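**Student:** Provide a 3D model corresponding to the input given below.
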Amino acid sequence: MRLTVKERRKATKITGVRYQKAPKKQKGIILDEFAALTGYGRCYTAYLLRNQGKKVRINNRIVAMGDIGKRHKRQRANGLVIRICKPR
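**Tutor:** The predicted structure follows:
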């Protein structure tokens, strides 16, 4: 049975703190456990846990702390919105 979105966010918050404080050998074990629990891929799991709780700053002011989702740059071309993603 899959976790709900709220449960996954709560697990990300708890595990993110543990992941950031862990030595390199433990991080691999934590990644495997969290990926199995949530069903996320290993790369996305590492991204989530690495960025959990980071501060977002705009003009040297703290705007938000907490969940950081993937962000895409948007450019307008002839009135159309185009998403640009980083190549893998």
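**Student:** remind me which residues of the chain are low pLDDT?
**Tutor:** Flagging of the chain using pLDDT under 70 yields the residue ranges 1, 55-59, 61-88.
**Student:** give me that answer again for 80
**Tutor:** Applying pLDDT under 80 to the chain picks out residues 1-2, 53-88.
**Student:** At which residues are the helices of it located?
**Tutor:** Remark: helices of the chain, listed N- to C-terminal, are 5-21, 24-38, 42-51; assignment by DSSP state H.
**Student:** want to throw the ones you listed into CSV with distance to residue 60?
**Tutor:** C-betas here are computed from N, CA, C, even on glycine. Supplementary listing: the helices of the chain in CSV, determined by distance: least, CB to CB, whole Å:
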stretch, distance to residue 60
helix 5-21, 24
helix 24-38, 31
helix 42-51, 20
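**Student:** got those as CSV, with mean neighbour count columns?
**Tutor:** What follows is the helices of the chain, written out as CSV (neighbours: other CB atoms under 10 Å):
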stretch, mean neighbour count
helix 5-21, 14
helix 24-38, 14
helix 42-51, 16
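**Student:** Can you tell me how far the residue lying closest to residue 8 once chain neighbours are set aside is from residue 27?
**Tutor:** The shortest distance from residue 8 to any residue other than its chain neighbours is 5.3 Å, reached at residue 38 (CB to CB, 6 or more residues apart in numbering). Here residue 38 is placed at a distance of 16 Å from residue 27 (CB to CB, to the nearest Å).
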